[in-house]
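Asker: Sharing a model that was predicted from the sequence below.
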Amino acid sequence: MKKYTIIITLILAILSISTTLTVKTEPKYQFENLTVLPKNTTEEQLSFVMDAFKASLGVKCSFCQAVAADSSQGRHLDFVSDAKHEKQRAREMMKMTAMLNKEFFNPEHSDRTDTLNTVMCYTCHRGNHEPDRNSLFPQLDSLMNLPRR
């Protein structure tokens with residue numbers, strides 16, 4: 001009887017350990033309404049991008065994201081909604097910085113350590129939702145007049 005109890009205890013222990021070690025695969029979530037970012041953007045990547053926006057512009061999520069119409073559960077944001085014009089403006093700015101980096105900068109192969117090799121939101125905004133023209137780098141003022149490659 002003692003041997004039987006030990007075997008049953010070992011089997012239960014092995015089963016409980018194996019269930020805790022089983023890797024649970026999370027369902028792959030597809031974000032809705034991604035128009036500039038790739039459709040296969042992960043939650044971690046999206047959080048990184050949104051946190052960079054918040055830090056660069058000194059704002060919170062509600063600056064670009066509309067409040068959900070259903071407020072029965074409290075004040076929640078509707079991340080799919082395009083109701084706020086700031087969200088469309090953010091998309092335009094993402095396209096603009098991508099174009100600037102593609103046309104005027106070479107961040108992967110730059111051998112110049114004394115110059116700016118890429119632009120991002122913070123380059124112009126510096127923690128303000130409206131960039132201060134007086135604080136921009138002087139070379140950025142004439143950037144659009146440079147010949148395209």
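Answerer: Done, it's in.
Asker: in this protein, which spans are strands?
Answerer: Taking DSSP state E to define them, one finds strands in the chain at 66-67, 77-78.
Asker: which helices and strands does the first one pack with?
Answerer: Helices and strands in packing contact with strand 66-67 are listed as strand 77-78; criterion 3 or more C-beta pairs under 8 Å, 6 or more residues apart in numbering; DSSP states H and E. Bear in mind the C-beta positions are built from the backbone N, C-alpha and C, glycine included.
Asker: Which parts of the protein are helices?
Answerer: 2-21, 43-57, 85-104, 121-125, 138-141 (DSSP state H).
Asker: wait, which of the strands of the chain is closest to Pro38?
Answerer: Ranking those by their distance to Pro38 (criterion: C-beta to C-beta) puts strand 77-78 first, at 21.7 Å.
Asker: circling back to that earlier point, what's the least confident stretch among the helices of the chain?
Answerer: Ranked by mean pLDDT, the helices of the chain end with helix 138-141 at the bottom, a mean of 58.
Asker: Quick one: the strands of the chain as JSON lines, columns for mean pLDDT and mean neighbour count too.
Answerer: Output for the strands of the chain, formatted as JSON lines (pLDDT from 0 to 100; neighbours: other C-beta atoms under 10 Å):
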{"stretch": "strand 66-67", "mean pLDDT": "90", "mean neighbour count": "15"}
{"stretch": "strand 77-78", "mean pLDDT": "90", "mean neighbour count": "14"}
